[in-house]
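Undergrad: All I have is the shape, not the residue letters:
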């Protein structure tokens with residue numbers, strides 16, 4: 001009883017202090033959220049104002065030279081991506097007569113420009129947030145009113161309700177978009193795809209017949225590969241011009257990511273033809289070079305996604321008859337430019353070259369390629385270990401504070417880390433192509 005009487009005032013004091021701190025914290029939190037709300041609203045309105053002002057500057061040259069159709073076309077193109085009910089414009093004469101406007105069915109009662117006090121100046125801009133009431137509903141809009149000249153007044157507006165304006169304004173970067181569009185147009189204008197694909201199809205016996213307006217007809221009836229992929233048995237009409245492909249539904253538009261391009265490349269890569277070659281290289285002293293291209297690839301279940309750390313990687317080796325590594329001296333571009341194709345029959349007629357010589361050179365090339373692939377494996381293992389270990393540690397830390405992280409997820413992350421590093425360690429080196437090159441001062445003829 002004594003202890004109950006003694007602690008009762010204390011409990012009462014603690015309770016009162018707790019309530020006081022809770023109320024104080026509530027007021028502070030509410031004030032902070034209010035400040036955050038007003039800061040976000042101010043940022044959003046500033047971004048909208050800048051966008052409206054930029055659009056007014058874009059339209060001004062058209063208005064100044066009286067190109068009303070240009071104004072309507074430009075505004076329609078821009079607002080089409082956002083919805084005509086959300087963006088609007090009106091162009092009025094100095095007396096208030098409407099010269100041009102967008103679809104104003106959703107905006108029938110805009111305030112006239114004469115109500116804007118700064119419009120009495122020769123030039124001026126007013127930004128207003130207005131509320132419109134119609135058919136029992138209300139909506140808000142941000143309206144820019146600008147006097148372009150003594151005879152013309154422009155009004156631009158955007159709906160402030162019904163959409164996430166902050167998200168829209170921050171999810172689009174005009175410079176990045178224009179850069180992407182420029183690269184796409186550059187790829188469309190490049191003629192390399194047409195030349196490459198036509199040569200590749202001709203290699204497989206597909207007849208490429210020129211058609212009107214730069215189109216081509218692809219006929220697979222004489223192809224060396226039965227049922228050539230991505231080309232119908234009766235053939236097909238194709239174009240490399242995007243604009244023509246859009247207006248002609250009967251013509252296939254072929255771009256770099258078209259299945260026909262990928263299928264033709266896959267056929268070439270999987271074919272045994274072209275994996276061995278012989279050439280001649282003019283040089284001061286006789287020598288024999290071997291260029292070998294290996295492919296380092298990891299064989300694993302696709303669910304482990306090992307390719308993101310070790311995709312199939314070419315390993316190129318160039319060596320001479322003495323086994324010296326000349327890969328750095330003969331870069332691929334230089335080698336391709338200097339080496340001339342030749343027939344191997346006359347070379348085989350010369351004494352001194354035996355299968356044992358080629359076997360010894362190939363064994364040395366494999367040894368050099370193993371050394372280079374070890375560096376690639378080590379780098380891939382480092383990338384996989386850093387990325388997947390970070391994911392695993394993140395799940396373990398989340399598990400401590402969040403019971404929704406299941407133990408199975410952690411087990412999966414551990415298994416993925418182990419399987420990925422195991423697949424990288426066991427990646428194999430596969431010989432893909434060989435080229436024997438005779439170097440000397442005299443051509444084979």
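TA: Looks like it came in fine. Bear in mind the structure is a predicted one, so any value in this text is a computation, not a measurement.
Undergrad: pLDDT score for the nearest residue to residue 309 once chain neighbours are set aside?
TA: Counting by Cβ to Cβ, 6 or more residues apart in numbering, residue 309 lies nearest to residue 384, which is 4.2 Å off, once chain neighbours are set aside. Placement of C-beta: from N, CA and C, glycine included. We note a pLDDT of 94 for residue 384 in this prediction.
Undergrad: With residue 295 instead?
TA: As predicted, residue 295 sits at a pLDDT of 94.
Undergrad: quick one on the thing from earlier: any idea how far the residue nearest to residue 309 lies from residue 422?
TA: For residue 384, the distance to residue 422 equals 10 Å [Cβ to Cβ, to the nearest Å].
Undergrad: do the same with residue 241
TA: 49 Å.
Undergrad: more neighbours, the two?
TA: residue 241 (18 against 14; other Cβ atoms under 10 Å).
Undergrad: does that one really touch residue 214, like I thought?
TA: Yes: here residue 241 reaches residue 214: they are 6.3 Å apart, a contact under Cβ atoms under 8 Å.
Undergrad: So which elements touch the helix or strand harbouring residue 388?
TA: For residue 388, the host element (DSSP states H and E) is helix 355-401. Where contact means 3 or more Cβ pairs under 8 Å, 6 or more residues apart in numbering; DSSP states H and E, helix 355-401 is packed against strand 287-297, strand 313-320, helix 407-425, strand 428-440.
Undergrad: now these in JSON lines, with distance to residue 305?
TA: As requested, those are arranged in JSON lines below (distance: least, Cβ to Cβ, whole Å):
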{"stretch": "strand 287-297", "distance to residue 305": "14"}
{"stretch": "strand 313-320", "distance to residue 305": "16"}
{"stretch": "helix 407-425", "distance to residue 305": "8"}
{"stretch": "strand 428-440", "distance to residue 305": "18"}
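Undergrad: out of those, nearest to residue 146?
TA: For the helices and strands packed on helix 355-401, proximity to residue 146 was assessed by Cβ to Cβ; helix 407-425 is nearest, at 56.8 Å.
Undergrad: And for that closest one, what's in contact with it?
TA: With contact meaning Cβ atoms under 8 Å, 6 or more residues apart in numbering, helix 407-425 is reached by 298-301, 304-306, 309-310, 377, 380-381, 384-385, 388-389, 391-392, 395-396, 399.
Undergrad: Let me know the angle separating it from strand 287-297.
TA: 170 degrees (axes from the mean of the first three to the mean of the last three Cα atoms, to 10 degrees).
Undergrad: the domain parsing of the protein - what is it?
TA: In the assignment given by automatic domain parsing, the structural domains of the chain cover 1-172, 177-270, 276-440.
Undergrad: Select from those domains the stretch with the lowest mean pLDDT.
TA: When those are ranked by mean pLDDT, domain 1-172 comes last with a mean of 65.
Undergrad: Give me the residue at the spatial middle of this protein.
TA: Centroid check for the chain by Cα atoms, centre = their mean gives residue 180 as the closest residue, at 8.5 Å.
Undergrad: Can you tell me the element the nearest residue to residue 253 once chain neighbours are set aside falls in?
TA: Distances taken as Cβ to Cβ, 6+ apart put residue 245 closest to residue 253, at 2.8 Å, once the chain neighbours are dropped. Secondary-structure assignment from DSSP H and E places residue 245 in helix 242-247.
Undergrad: wait, what's in contact with residue 306?
TA: 298, 300, 384, 420, 423-424.
Undergrad: now, among these, which is nearest to residue 362?
TA: Nearest to residue 362 among the contacts of residue 306: residue 298, at 23.4 Å, using Cβ to Cβ.
Undergrad: Just want the phi and psi numbers for the closest residue to that closest one other than its chain neighbours.
TA: If the residues on either side of it in the chain are set aside, residue 298 comes closest to residue 427, at 4.1 Å by Cβ to Cβ, 6+ apart. Torsion angles at residue 427 (phi, psi; degrees, to the nearest 10) stand at phi -60, psi 140.
Undergrad: what's the answer for residue 178, then?
TA: Here is the backbone geometry of residue 178 (degrees, to the nearest 10): phi -70, psi -40.
Undergrad: how close does it sit to residue 60?
TA: Residue 178 is 21 Å from residue 60, by Cβ to Cβ.
Undergrad: The two: which is more packed in?
TA: residue 60 (16 against 10).
Undergrad: what helix or strand is that one on?
TA: If you go by DSSP H and E, residue 60 is part of helix 2-64.
Undergrad: what's the offset of the helix holding residue 388 from the middle of its chain?
TA: Here the centre of helix 355-401 is set off from its chain's centre by 27 Å, with Cα atoms, centre = their mean, to the nearest Å.
Undergrad: residues contacting residue 397?
TA: No contacts exist for residue 397 under Cβ under 8 Å, 6+ apart.
Undergrad: just to revisit the earlier point, the residue nearest to residue 309 touches residue 304, doesn't it?
TA: No: Residue 384 is beyond contact range of residue 304, at 9.7 Å (criterion: Cβ under 8 Å).
Undergrad: Just read off the phi/psi values of residue 298.
TA: Residue 298 adopts backbone torsions of phi -100, psi 130, taken as degrees, to the nearest 10.
Undergrad: and it, how many neighbours?
TA: Neighbours of residue 298 (other Cβ under 10 Å): 22.
Undergrad: and it, how far is that from residue 262?
TA: 22 Å.
Undergrad: Then residue 192?
TA: 16 Å.
Undergrad: chain center to the helix or strand harbouring residue 156, what's the gap?
TA: For residue 156, the host element (DSSP H and E) is strand 152-159. Put simply, strand 152-159 sits 36 Å off its chain's centre (Cα atoms, centre = their mean).
Undergrad: In the sheet, which strands lie alongside it, parallel or antiparallel?
TA: Strand pairing for strand 152-159, determined by DSSP bridges: strand 87-93 (antiparallel), strand 137-147 (antiparallel).
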